[in-house]
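# Model the structure of this input:
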Amino acid sequence: MERNVRMEDISDGKLYSNNDMVKADTGNCQGCSACCRGMGNSIILDPLDIYQLTTNLHKTTEELLNGYIDLNVVDGIILPNLKMAGQTEACSFLNEEGRCGIHKFRPGICRLFPLGRFYENNTFQYFLQIHECKKQNLSKVKVKKWLDIPNIKEYENFIKQWHYFQKDLQQKIRQSTEEDYIKKVSMYILQTFYLKPYRQEESFYNQFEERLKEAKQIFLK
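The predicted structure is shown next:
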């Protein structure tokens, strides 16, 4: 989901690589769970997030849709997002102590916060969101340590491929006047990248690239 904002209004004006130091360390949040509440449908899940959730929770995507995640249209494509529930609109994975119940395999957007991604020239860099985190006096930490994701290069390549594939697909959708085509695209993406199980004994990234190659052949010729 792209945001139509000026970088100087939301960031410290710098762009970072995964080897850079940035003031993003919240000190284990120390009881704060503000970013896990009232987020509406903005915590969009990518295919790796779904792979991690289904694998570690031993649930299918369909089972996760029964209380943990929702489906919403994002720039013309149906995508899953974390579900907020209850009077405080808390993430469905937040426990009674206000701690993340899936912290070890939490979604990429959650790992990223309070960082964001700035996409340009078929790649991306990180930036620090200066108004989002409620904690004060954040400490410096290396970006890749903050993300705490194995095989960071593979992960970043996946993020780039997924983002720019969606961007190209959204352009195709905007150019189409056929409602059936738009529905076909959304259902294909949902089924291929989210509902179809991934083989747990094989690399997620290899399976993703196989599915991406097929999707590009169908929709981006």
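
# Burial check on Lys13, number of neighbours?
No, residue 13 isn't Lys; it's Gly. Using other Cβ atoms under 10 Å, Gly13 is surrounded by 10 other residues. Bear in mind the C-beta positions are built from the backbone N, C-alpha and C, glycine included.

# likewise Val185?
21.

# any idea how far Glu62 is from it?
Plainly put, Val185 is 21 Å away from Glu62 if you go by Cβ to Cβ, to the nearest Å.

# State the mean pLDDT of the helix or strand hosting Ile189.
Take DSSP states H and E as the rule and Ile189 turns out to sit in helix 179-189. Across helix 179-189, pLDDT averages out at 91.

# Okay, buried residues for that helix please.
Within helix 179-189, the residues that count as buried by 16 or more other Cβ atoms under 10 Å are Ile182, Val185, Ser186, Tyr188, Ile189.

# Columns distance to Phe165 on top of these, output as TSV?
Formatted as TSV, the buried residues of helix 179-189 follow (distance: Cβ to Cβ, whole Å):
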residue	distance to Phe165
Ile182	16
Val185	12
Ser186	14
Tyr188	12
Ile189	9
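
# Out of these, the closest to Asn56 would be?
Checking the buried residues of helix 179-189 against Asn56 by Cβ to Cβ gives Ile189 as the nearest, at 23.0 Å.

# Next, the nearest residue to Leu115 once chain neighbours are set aside: secondary structure please.
Among residues not flanking Leu115 along the chain, Tyr126 sits closest, at 4.9 Å (Cβ to Cβ, 6 or more residues apart in numbering). The local conformation at Tyr126, judged by DSSP: H, G, I helix; E, B strand; the rest coil, is strand.

# Just grab the bridge partners of Tyr126 for me.
Residues in a beta bridge with Tyr126, per DSSP bridges, are Tyr16, Arg117.
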